[in-house]
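>>> Sequence and predicted structure below; questions after.
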Amino acid sequence: MKDLCLEAINTALSLGVDYADIGIINQRDQKIIMLDMSPKQINDEETVGFGVRILKSGAWGFASSSEVNRESINSVVKEALQLAIASSKVKRGEGVVLAPEPIHQDCFKTPTEIDPFDIDVNDKIQLLLEINKEILSVKYIAKAFSNLRVTRRDQFFASTEGSLIETDIYTINAGYTAVAVKGGDSQDRSFQDYPLNKGWEHIQSLELVSNAERIAEEAVMKIDADFPKVGKRDLVLDPSHLSLTIHESVGHATELDRILGYEANFAGRSFATPEKRGNFRYGSEKASFVADNTLPAGLATTGYDDEGVRCQKWDIIKDGILVDYSSTREVVPLIGEKRSRGSARADGYYNMPINRIPNLCLMPSKDDVKPGDLIAGVEDGVLIEGRGSYSIDQMRLNFQFGGDLFFEIKNGKKGKMLRDVIYQSITPEFWSSLDAVSGKDYWEPRGFRTCGKGEPMQVAQMTNGAPYARFRNINVIRGKL
């Protein structure tokens, strides 16, 4: 792979390109989905290929192939150059200018204790069957879904600037859902996916089977639970739930390509425009969000991004003030910055990298604040656990979020279970209502493996970690009449 990367770079240089890079990717993806006591899907597939980006006269050309050999590489380099030349005829102004990046010659591999591909697939199937058996043993449970996914992505990257990088990334997750049916109604409850860049030891730590009966019983309890009282309520949100709220209202809203209009054709733009940087109050002083692509086991912790930029740690929102964005080498010069934040990712050899959310996390309190302390400060509110449905507008402002499990908070104490709770707000108003967060012992690195963006659609993975957090006077409505 190294030799083939150098072949591509030498060919590109001989053709007089302004810049070129190549990524050769060998990816294995194993996915198992169980429905009740039988497999619904068992996939174990491997894909190999490469993509070449060429910059010529201020415009990109990109081409790819699944035939990884010298003849194919030389052909694809020439094809990408012709596309760049054609694109340059319709560029705006001087076209694309890349932010500089130091030359890197390095190798980065996900630390793993147990290679998840060394675990026999039959043992993985048996684990999911044990989970579903526990779920189905609970009265009123109609369906049990469980899943497990393991991915390894081995990539060689080289550029005409002299970088040569290998990244070998493992990602693993498992989860399940119980569906209860009773009295003409249904509810579900999930042990939600907890993906990390780790080995099989992560699955061993989750206690999947021992939690299955509890998850099923809670699904049944939701059917008989009361609806929430509609109106302004205080909320205490757990880390699993907050991961989605952070992802949609902060993560996507601070992608620089979206802010500059590159992403207007899919999933909208953003209100967090460049003139707001350094002066706009995004949230209360409790709202500090750090992007950290060096976070141990983080889903975007890959050593380098897909442009060969070294992974970094930086502030996005500090003490409630918007201070920075996620960015790529192409877009960051447009706001006067000299270096990319290393947020360019592609979901396969056949796509160009685009600006993606980093590991973006809400920071915990420096004090030893417990979730119970947050609840104790609520006279009338709701505790929400886990992720549910959501909706957010094209500018990442107006939104509503559901959840997976709900409890009433009354006079500072966690009370009865509720059902079908939805809250509505506007992004800066919501984060400005944040008045307390728990300490680091209650912070969790939750995240996503299938964040969609771009046309054609690409998926990416990132961690959106959080502590427990309390919000004041948020509008609560019912999800069902």
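Everything's here; your move.

>>> contacts and neighbour counts: CA atoms only from here.
Noted.

>>> Hmm, T47 is touching R28, no?
Yes. T47 is within contact range of R28, at 6.5 Å (criterion: CA atoms under 8 Å).

>>> what about the closest residue to Y390 other than its chain neighbours, distance to F280?
Closest residue to Y390 apart from its sequence neighbours, by CA to CA, 6 or more residues apart in numbering: F401 at 4.3 Å. Distance of F401 to F280, given as CA to CA, to the nearest Å: 24 Å.

>>> Report the secondary structure state of D373.
helix (DSSP: H, G, I helix; E, B strand; the rest coil).

>>> Could you export stretch 144-162 as CSV, keeping only the C-alpha atoms?
Output in CSV follows, covering the C-alpha atoms of stretch 144-162 (Å, rounded to 0.1, in the frame of the first residue of the first chain):
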residue,chain,number,x,y,z
ALA,A,144,-36.7,-8.1,21.1
PHE,A,145,-34.1,-6.6,18.8
SER,A,146,-30.3,-6.8,19.5
ASN,A,147,-27.3,-5.8,17.5
LEU,A,148,-23.5,-5.9,17.5
ARG,A,149,-21.1,-4.2,15.0
VAL,A,150,-17.4,-4.3,14.6
THR,A,151,-15.4,-2.3,12.1
ARG,A,152,-11.7,-2.1,11.2
ARG,A,153,-10.5,0.6,8.9
ASP,A,154,-6.9,0.4,7.7
GLN,A,155,-5.8,3.4,5.6
PHE,A,156,-2.6,4.6,3.9
PHE,A,157,-2.5,8.3,3.1
ALA,A,158,0.1,10.1,1.0
SER,A,159,0.3,13.7,-0.4
THR,A,160,2.5,15.6,-2.8
GLU,A,161,3.6,17.7,0.2
GLY,A,162,5.4,14.7,1.6
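
>>> Now do the buried residues in it.
Residues 144-161 are the ones in stretch 144-162 that count as buried (16 or more other CA atoms under 10 Å).

>>> top helix in the protein by residue count?
With DSSP state H setting the assignment, residue counts place helix 70-88 as the longest helix in the chain.

>>> Can you name every helix or strand that that one contacts?
Under the contact definition 3 or more CA pairs under 8 Å, 6 or more residues apart in numbering; DSSP states H and E, helix 70-88 sits against helix 2-14, strand 38-56, strand 59-65.

>>> Quickly compare the ones you listed and say which is most buried.
Burial of the helices and strands packed on helix 70-88 is given as mean neighbour count (mean count of other CA atoms under 10 Å); strand 59-65 ranks first at a mean of 23.

>>> That strand pairs with which strands?
strand 38-56 (antiparallel) (DSSP bridges).

>>> got the angle between the strand it pairs with and helix 2-14?
Angle, strand 38-56 to helix 2-14, by axes from the mean of the first three to the mean of the last three CA atoms, to 10 degrees: 30 degrees.

>>> Report the mean per-residue pLDDT for strand 38-56.
Mean per-residue pLDDT for strand 38-56: 97.

>>> and the angle for it with helix 70-88?
60 degrees.

>>> From the chain's centroid, how far away is strand 38-56?
19 Å (CA atoms, centre = their mean, to the nearest Å).

>>> Now that strand - C-alpha only, PDB.
What follows is strand 38-56, C-alpha atoms only, in PDB (Å, rounded to 0.1, in the frame of the first residue of the first chain):
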ATOM      1  CA  SER A  38     -33.300 -15.800  15.100                       C
ATOM      2  CA  PRO A  39     -30.900 -13.800  13.100                       C
ATOM      3  CA  LYS A  40     -32.300 -11.000  10.900                       C
ATOM      4  CA  GLN A  41     -28.900 -10.000   9.400                       C
ATOM      5  CA  ILE A  42     -25.400 -11.400   9.600                       C
ATOM      6  CA  ASN A  43     -22.900  -9.500   7.500                       C
ATOM      7  CA  ASP A  44     -19.100  -9.700   7.300                       C
ATOM      8  CA  GLU A  45     -17.700  -7.800   4.400                       C
ATOM      9  CA  GLU A  46     -14.400  -6.400   3.300                       C
ATOM     10  CA  THR A  47     -13.900  -3.500   0.900                       C
ATOM     11  CA  VAL A  48     -10.700  -2.300  -0.600                       C
ATOM     12  CA  GLY A  49     -10.100   0.600  -2.800                       C
ATOM     13  CA  PHE A  50      -8.500   4.100  -3.200                       C
ATOM     14  CA  GLY A  51      -9.400   7.600  -4.000                       C
ATOM     15  CA  VAL A  52      -7.300  10.400  -5.500                       C
ATOM     16  CA  ARG A  53      -7.800  14.100  -5.000                       C
ATOM     17  CA  ILE A  54      -6.000  16.600  -7.300                       C
ATOM     18  CA  LEU A  55      -6.000  20.300  -7.000                       C
ATOM     19  CA  LYS A  56      -5.200  22.200 -10.200                       C
END
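
>>> Strands of the stretch 51-200 of the chain, residue ranges please.
59-65, 105-109, 141-159, 164-182, 185-191 (DSSP state E, counting those that start in this stretch).

>>> among those strands, which is nearest A344?
strand 141-159 (13.1 Å; CA to CA).

>>> What pairs with the closest one, parallel or antiparallel?
Assessed with DSSP bridges, strand 141-159 is paired to strand 19-35 (antiparallel), strand 164-182 (antiparallel).

>>> was I right about E79 contacting A63?
Yes. Counting by CA under 8 Å, A63 is a contact partner of E79 at 6.5 Å.

>>> is it possible to export the strands paired with strand 141-159 to CSV including distance to P111?
Below are the strands paired with strand 141-159 laid out as CSV (distance: least, CA to CA, whole Å):
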stretch, distance to P111
strand 19-35, 17
strand 164-182, 8
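
>>> Let me have those strands in TSV, adding distance to K276, mean pLDDT and mean neighbour count as columns.
Output for these, formatted as TSV (distance: least, CA to CA, whole Å; pLDDT from 0 to 100; neighbours: other CA atoms under 10 Å):
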stretch	distance to K276	mean pLDDT	mean neighbour count
strand 19-35	33	98	22
strand 164-182	36	98	23
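
>>> what's the spacing between F407 and F108?
Taken as CA to CA, the span from F407 to F108 is 44 Å.

>>> and what of N211?
35 Å.

>>> Same check on K416?
From K416 to F108 the distance is 48 Å (CA to CA).

>>> So between the two, which is more surrounded?
F108 (16 against 13; other CA atoms under 10 Å).

>>> Make sure that one is actually in contact with G303.
Yes. Contact criterion CA under 8 Å: F108 and G303 qualify, at 5.5 Å.

>>> Could you tell me which residues touch both of these two?
Contact criterion CA atoms under 8 Å, 6 or more residues apart in numbering; residues shared by F108 and G303: T167.

>>> Spit out the contact partners of the nearest residue to R53 once chain neighbours are set aside.
Residue nearest to R53 in three dimensions, not counting chain neighbours: F62, with 4.6 Å by CA to CA, 6+ apart. With contact taken as CA under 8 Å, 6+ apart, F62 is in contact with 51-54, 79-81, 83-84, 352.

>>> So which of those is the closest to D193?
The closest of the contacts of F62, once distances to D193 are taken by CA to CA, is M352, at 27.7 Å.

>>> Leaving out chain neighbours, which residue sits closest to the closest one?
A346 (5.8 Å).

>>> Kindly state the pLDDT recorded for the one you found?
97.

>>> Pull the number of nearby residues for it.
Neighbour number of A346 under other CA under 10 Å is 19.

>>> Go ahead and confirm it touches P456.
No. Look at A346 against P456 with CA under 8 Å: they stay out of range, at 11.4 Å.

>>> how close does R277 sit to G320?
In terms of CA to CA, R277 sits 12 Å off from G320.

>>> Have a look at the two and say which one is more surrounded.
G320 (22 against 16).
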